[in-house]
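[1] Provided below are the primary sequence and the corresponding predicted coordinates.
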Amino acid sequence: MKLLLINPNISDSVSDLIRSEAERSAAPGTEIEVLTAPFGVAYIETRFESLLGAYAAAQLAGEHHRRFDAVVVAAFGDPGLGALREVLPIPVTGLTEAALASAHLLGHRISIIAISQRIQAWYREVVEACGFGPRLASIRALDRPLSSIGAVQDEHAQALKALAERAVDEDGADVIVLAGAPLAGLARSLRGQLPVPVVDGVSSAVRHAETLVALQAGRAQHGSFAPPPAKPHRGLPSAIESLLRRD
């Protein structure tokens with residue numbers, strides 16, 4: 001089995017974190033490849049930045065998906081996930097929906113620990129779109145400058161742990177989700193240090209992608225995730241055109 005993980009931001013250091021956690025989480029025999037967006041921002045925390053990340057993810061998916069059995073949008077917030085599900089002939093999932101699916105099996109009230117205050121409103125919208133709004137106990141986030149996006153969990157591990165503890169004690173969280181690719185692998189470090197289960201988006205997405213491939217459920221030909229109808233277009237990169245042509 002071959003999985004393609006697409007980092008929709010331009011930070012190679014984050015891609016390294018994604019790759020490391022994905023390889024640790026994958027089943028024996030699963031091959032992992034991580035690609036970094038060729039354009040965009042260092043890390044995504046707003047709706048507009050998500051739009052840029054979604055377009056970058058679509059371009060990479062169009063260029064490379066034929067070599068893989070499934071695709072993972074490897075950013076919390078899942079930029080472009082629903083759109084890619086319309087056009088890709090293979091399963092696609094993202095860190096948010098996979099983490100929420102895992103958390104759903106571990107408890108009822110879910111709290112998300114994030115890396116910035118600005119990111120919270122967008123994350124809340126994504127959680128609600130996934131149908132987990134009523135289950136969301138809280139979103140708690142760091143409120144300090146980030147000197148290096150690839151070193152967030154090293155530099156702020158204790159602050160992130162403290163946020164998780166407050167989510168449990170003050171918000172009634174049954175499960176903690178560590179949000180974002182920059183926190184990939186932190187759940188392993190915190191294992192046994194918090195009184196509730198802790199979920200990592202990258203490991204969840206890898207395992208859920210493997211399951212989707214194994215299920216062989218088929219591709220939507222009707223309904224809201226059917227491929228887009230053919231129509232005139234212009235000015236699109238060849239990789240995006242190929243997705244519209246259903247190549």
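    Arrived safely.
[2] roughly how far apart are the residue nearest the centre of the chain and residue 198?
    Nearest to the geometric centre of the chain sits residue 95, at 2.3 Å (Cα atoms, centre = their mean). Using Cβ to Cβ, to the nearest Å, one obtains 14 Å as the distance from residue 95 to residue 198. (C-beta placed from N, C-alpha, C; glycine too.)
[3] and what of residue 159?
    15 Å.
[4] and residue 105, by the same measure?
    Residue 105 is 14 Å from residue 198, where distance means Cβ to Cβ.
[5] same question, residue 156
    Distance from residue 156 to residue 198, by Cβ to Cβ: 16 Å.
[6] how far does the helix or strand bottoming out on mean pLDDT in the chain sit from the chain's center?
    Lowest on mean pLDDT, DSSP states H and E among the helices and strands of the chain sits helix 152-155, with a mean of 88. Distance of helix 152-155 from the chain centroid (Cα atoms, centre = their mean, to the nearest Å) equals 19 Å.
[7] swap in stretch 127-144?
    The answer for stretch 127-144 is 14 Å, by Cα atoms, centre = their mean.
[8] that older thread, between residue 105 and residue 198, who's got more neighbours?
    Legend: neighbour count by other Cβ atoms under 10 Å for residue 105 and residue 198, higher for residue 198 (22 against 9).
[9] buried sites along the least confident helix or strand of the chain?
    When burial is assessed from 16 or more other Cβ atoms under 10 Å, helix 152-155 yields the following buried residues: 152-153.
[10] and if you look at stretch 217-231?
    Residues residue 227 are the ones in stretch 217-231 that count as buried (16+ other Cβ under 10 Å).
[11] with stretch 124-135 instead?
    Buried residues in stretch 124-135, counted by 16+ other Cβ under 10 Å: 126-127, 130, 132, 135.
[12] for the record, mean pLDDT for the very next helix or strand once past the least confident helix or strand of the chain?
    Per DSSP states H and E, the first helix or strand lying C-terminal to helix 152-155 is helix 157-171. Helix 157-171 carries an average pLDDT of 96.
[13] what does helix 157-171 contact?
    Contacts to helix 157-171, defined as Cβ atoms under 8 Å, 6 or more residues apart in numbering, come from residues 109, 111, 113, 137-138, 140-142, 144, 153, 173, 176, 178, 183, 186, 189-190, 193-196, 198.
[14] again, but for stretch 5-15
    By Cβ under 8 Å, 6+ apart, stretch 5-15 touches 18-19, 22, 32-44, 52-54, 56-57, 60-61, 71-75, 79-80, 148-151, 181-182, 184, 202, 205-206.
[15] next step: those restricted to strands.
    Applying DSSP state E to those, the entries found in strands are 32-36, 71-73.
[16] of those, buried ones?
    32, 34-36, 71-73.
[17] distance of residue 70 relative to residue 113?
    27 Å.
[18] narrow the contacts of helix 157-171 to those in strands?
    Within these, residues falling in strands by DSSP E are 111, 113, 137-138, 140-141, 176, 178, 198.
[19] low pLDDT regions in the protein?
    Applying pLDDT under 70 to the chain flags no residue at all.
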